[in-house]
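Q: what follows is a protein structure lacking sequence information:
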Ligand code: FPP
């Protein structure tokens, strides 16, 4: 690992991760896919802590999509177990996890106990400066439909972009500046569809369990070499 931390400024406040490649990582080692998720969860912890250390204001991790239920039940259960374990860790060490937690996605599929735990963690960490979004049963299209229904239920007849953004699961947060996808695929997979409009995309072949601080540094360096024009000219 490099000794100097990357210098983060106002150009980079939100980084989002598509943590892909856990299954392949395990398969390459002759292990079941669930083991890949276990190592992936370790990488998630490590990278979340590092993001806090280097001063990112918002970090988002795509932990489970609305489409991931199609996986074998054994694998889905393993991911849910990892999630429960992580919820337990946050509850136990709430002071150490220096983030405002936000669980984004359609949580209605989770049982009352899990939902209550997530809500309690969100409430207990509400005043903190940096936000950690964990996308669970998240889909960008689902989020857009959910926002439309919330606006209709609120009696809106017409909305502007700001109203719409506020009705998303990420309401009130800045859009991602940089989206990093590990695992080699070049797609967005229904992640932050509205919010990614002007995000810089960074793809790496590295499988998520192998992703580390130096690889994030490389992605950040690449981000700072780009010119963001937002449709204008520089
Ligand atoms: C994608 O890899 C990864 C997932 C669908 C699950 C991500 C979950 C974790 C990292 C662990 C749990 C998270 C938390 C927040 C504790 P893949 O299985 O699609 O890999 P593949 O493309 O190699 O098959």
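A: In hand now; what should we look at? Model, not experiment: these values are computed from the prediction.

Q: what parts of the protein come near the ligand?
A: Within the chain, the positions near the ligand by Cβ under 6 Å from any ligand atom are 19-24, 33, 37, 40-41, 44, 61, 63, 68, 79, 82-83, 86, 134, 183. (C-beta placed from N, C-alpha, C; glycine too.)

Q: quick check: whichever residue of the chain sits closest to the ligand vs residue 215, distance?
A: With Cβ to the nearest ligand atom, the shortest gap between the chain and the ligand falls at residue 23, namely 2.8 Å. For residue 23, the distance to residue 215 (Cβ to Cβ, to the nearest Å) stands at 19 Å.

Q: what do you get for residue 120?
A: 33 Å.

Q: ok, now residue 188?
A: Using Cβ to Cβ, residue 188 is found at 20 Å from residue 215.

Q: next up, the contacts around the residue nearest the centre of the chain.
A: For the chain, the residue nearest the mean C-alpha position is residue 61 (1.8 Å; Cα atoms, centre = their mean). When contacts are counted by Cβ atoms under 8 Å, 6 or more residues apart in numbering, residue 61 touches 16, 17, 19, 44, 48, 132, 133, 134, 135.

Q: quick one: low-confidence parts of the protein?
A: 1-3 (pLDDT under 70).

Q: buried residues, stretch 68-75. List them.
A: Of all the residues in stretch 68-75, those buried under the rule 16 or more other Cβ atoms under 10 Å are 68, 75.

Q: and if you look at stretch 169-187?
A: Buried, per 16+ other Cβ under 10 Å, within stretch 169-187: 169, 170, 173, 175, 176, 177, 178, 179, 180, 181, 182, 183.
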